[in-house]
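J.: model this:
(one chain, ligands or ions: 1)
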Amino acid sequence: MSELLKRSHEDWVRAAKNSTPEGRMFVDGDYRPALSGETFESRTPRDGSVIAEVARGSAADVDSAVRVARSSFEDGRWRSLAPRARKQIMLRWAELVREHTEELALLETLDVGKPIAESVRVDVSSAAFCLQWYAEALDKIYDEVAPSGEGTLVTITREPLGVVGAVVPWNYPLIIASWKLAPALAAGNSVVLKPAEQSSLSALLLARLAIEAGVPAGVFNVVPGLGVEAGQALGRHPDVDKIAFTGSGDVGKLFLQYAGESNGKQVQLEAGGKSPQLVLADSSNLPAAAEAIAWGICYNAGQTCNAGSRLLADRAVKDELLSRVLDVTARFVVGDPLDPTTTMGPIVDQRQLDTVLTYIDLGREDGADLIGGRRLNPDSGGYFVEPAVLDKIANTSRVAQEEIFGPVLSVLEFDGVEEGLAMANQTVYGLAASVWTKDLATAHRVAGKLRAGTVWVNTFDATDVFAPFGGFKASGSGRDKSLHAMDEYSALKTTWIDFS
Ligand code: NAD
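T.: Residues are numbered from 1 along each chain as shown. Below you'll find the predicted structure:
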């Protein structure tokens, strides 16, 4: 990895020119075109050019992948392997992902515009580590014996659910796919993955590496395609046992509807957020808070479900804090994501860029003071925008309430802890929040009252695979990551034996 981090912009541009990404779907251990032969274009947000033709999976392709996955589940070629054998295969897979860091990072950067240094350092390595972590865990989980008394033995065992459909977004394609695949496969399920249409390429390579590592054919399949076609077909398929979804709340609700209208499959939703960063008057380390707040909204160009998009600052510290935040946002280098010095790449596509720019205009119309937020380098064909700060916005404004999914920070003021806490919780979302204070008792009390799946105290976006991740309220249900995610992909079976 360290050698890759020494590469120049020219090296990466050359590698991109030589890259010929695989766009066919991956079913039953091999690549194949869509049954219709149709494809769609995958464009890079760095300049809008086409980088691959991707198979446009239809309901028929989804059906074929689900049948293959079902038969791999029923014959036990994966779930009946000894846990230690599955572990070794998944460990090998994690290693292969690391060995293919260059290719995977390049695909991730070309597809969605992540700065290449982050694709190398964060995305590929986190996905590999996630596979490794669940591999290491899977042969260390014991089942239970219930306290049923003499004459009976009552065991409570975990069993895989069957066929899992994973539907994922474009903002962290490899990482979020691995959060689903790794625990689902570790628990013994077979999987059909539907990547987002903006970001199919890394998943298609990941599938080939699974086969190379020894995952039996048919156990892990990837059907790229459009949401309304392949995504819907997976959601409605009568032989899928569970949908593990990450994406927008509106599409998440559609999956609940698909399940209700088909076989009542389980649906786990990881949806959006509008996460507050609550800075109290006694925060002693404003420079650290400012750094975290700026990174919390600019990392991945703000296209992060838990982006800290609402800064709530006590009036006593707000001016100093905001001026420090602006110092940090001004240091972001917006540009070609293949340049290792870039710290903020483009927005993923034209549609999302238009959304971001529309929200910035709306914030100004709602009376906010706008700092930054201009579109940059339009002549490049890429979708670049500079960080935008909307100061003095009302908590009721749409920009302070709706998920924007771009580098747009809404800034709100409050007087005292109680007002700040109430404002922080005034949102339909509940994915994440942070509180900055030097008082331990206040930190505990406020963390307990913030309605969010993750609360950070004096930090932001600290994360690891051992900690569960998911939301309260409209941000979703269920949890990715940690051992709890294994339960999301397992059913409990009670076996009651009477030997009295
Ligand atoms: P999206 O909801 O548009 O798409 C997500 C997935 O659903 C894609 O694979 C897409 O093809 C599919 N899809 C779209 N329309 C569909 C339909 N009608 N039927 C079936 N499938 C359909 O979301 P996105 O734009 O790809 O990603 C951004 C969203 O994801 C944001 O709201 C963000 O907050 C959320 N997100 C949440 C988390 C989390 O863990 N909570 C993490 C990352 C992203």
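J.: What about the residue of the stretch 51-200 of the chain found nearest the ligand, how many residues nearby?
T.: Nearest residue of the stretch 51-200 of the chain to the ligand: Pro169, at 3.1 Å (CB to the nearest ligand atom). The way it works is simple: take the backbone N, C-alpha and C, and place the C-beta from them, glycine included. Counted with other CB atoms under 10 Å, residues neighbouring Pro169 total 25.
J.: One more: Met1?
T.: As a burial measure, Met1 scores 12 neighbours (other CB under 10 Å).
J.: Can you verify my assumption that it contacts Glu102?
T.: No - applying CB atoms under 8 Å, one finds Met1 not in contact with Glu102, separated by 9.4 Å.
J.: can you list residues touching both of the two?
T.: Residues touching both Met1 and Glu102 (CB atoms under 8 Å, 6 or more residues apart in numbering): Val120.
J.: rewinding a little: hang on, the residue of the stretch 51-200 of the chain closest to the ligand in a helix?
T.: No - assigned with DSSP: H, G, I helix; E, B strand; the rest coil, Pro169 falls outside any helix and is coil.
J.: check contacts around it.
T.: Ile176, Ala196, Ser199, Thr246, Gly247, Ser248.
J.: Keep those residues, but drop any that are not near the ligand.
T.: Contacts with the ligand within these, counted by CB under 6 Å from any ligand atom: Ile176, Ala196, Thr246, Gly247, Ser248.
J.: what sits against Val240?
T.: By CB under 8 Å, 6+ apart, the residues touching Val240 are Val66, Val163, Val164, Gly165, Val192, Leu234, Asn263, Lys265.
J.: Okay, it and Val167: tell me how far apart.
T.: Distance, Val240 to Val167, using CB to CB, to the nearest Å: 11 Å.
J.: so what's in contact with the two at the same time?
T.: Taking CB under 8 Å, 6+ apart as the contact rule, the neighbours common to Val240 and Val167 are Leu234.
J.: Let me know the secondary structure of the most centrally placed residue in the chain.
T.: Closest to where the C-alpha atoms of the chain average out (CA atoms, centre = their mean) is Ile176, at 3.9 Å. The three-state assignment at Ile176 reads helix, by three-state DSSP.
J.: what do you get for Thr494?
T.: Assignment for Thr494 (three-state DSSP): strand.
J.: Wasn't Leu311 part of a helix?
T.: No - membership of Leu311 in a helix is not supported by three-state DSSP, which gives strand.
J.: wouldn't it be in contact with Leu412 here?
T.: Yes - using CB under 8 Å, Leu311 is in contact with Leu412, at 7.0 Å.
J.: Which of those two has more residues huddled nearby?
T.: A count of neighbours by other CB under 10 Å puts Leu311 above the other of Leu311 and Leu412, at 29 against 23.
J.: quick one: contacts for that one?
T.: Contacts were defined as CB under 8 Å, 6+ apart; by that measure Leu311 touches Pro276, Gln277, Val279, Ile293, Leu321, Leu322, Val325, Leu409, Ser410, Val411, Leu412.
J.: The residues you listed into a markdown table, with extra columns for secondary structure, distance to the ligand and pLDDT?
T.: Formatted as a markdown table, the contacts of Leu311 follow (DSSP: H, G, I helix; E, B strand; the rest coil; distance: CB to the nearest ligand atom, whole Å; pLDDT from 0 to 100):
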| residue | secondary structure | distance to the ligand | pLDDT |
| --- | --- | --- | --- |
| Pro276 | strand | 15 | 98 |
| Gln277 | strand | 16 | 97 |
| Val279 | strand | 23 | 98 |
| Ile293 | helix | 19 | 98 |
| Leu321 | helix | 25 | 98 |
| Leu322 | helix | 25 | 98 |
| Val325 | helix | 22 | 98 |
| Leu409 | strand | 16 | 98 |
| Ser410 | strand | 16 | 98 |
| Val411 | strand | 21 | 98 |
| Leu412 | strand | 20 | 98 |
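J.: who wins for neighbours among those?
T.: Going by other CB under 10 Å, Leu409 tops the contacts of Leu311 with 31 neighbours.
J.: what separates that one from Leu106, distance-wise?
T.: Applying CB to CB, the value for Leu409 to Leu106 is 30 Å.
J.: Which two among the contacts of Val240 are spaced furthest apart?
T.: Using CB to CB, those span at most 14.8 Å, a distance reached by Val192 and Asn263.
J.: The two: which is more packed in?
T.: Shown here are Val192 and Asn263; by other CB under 10 Å, Val192 has more neighbours (27 against 13).
J.: With that, I have no additional questions.
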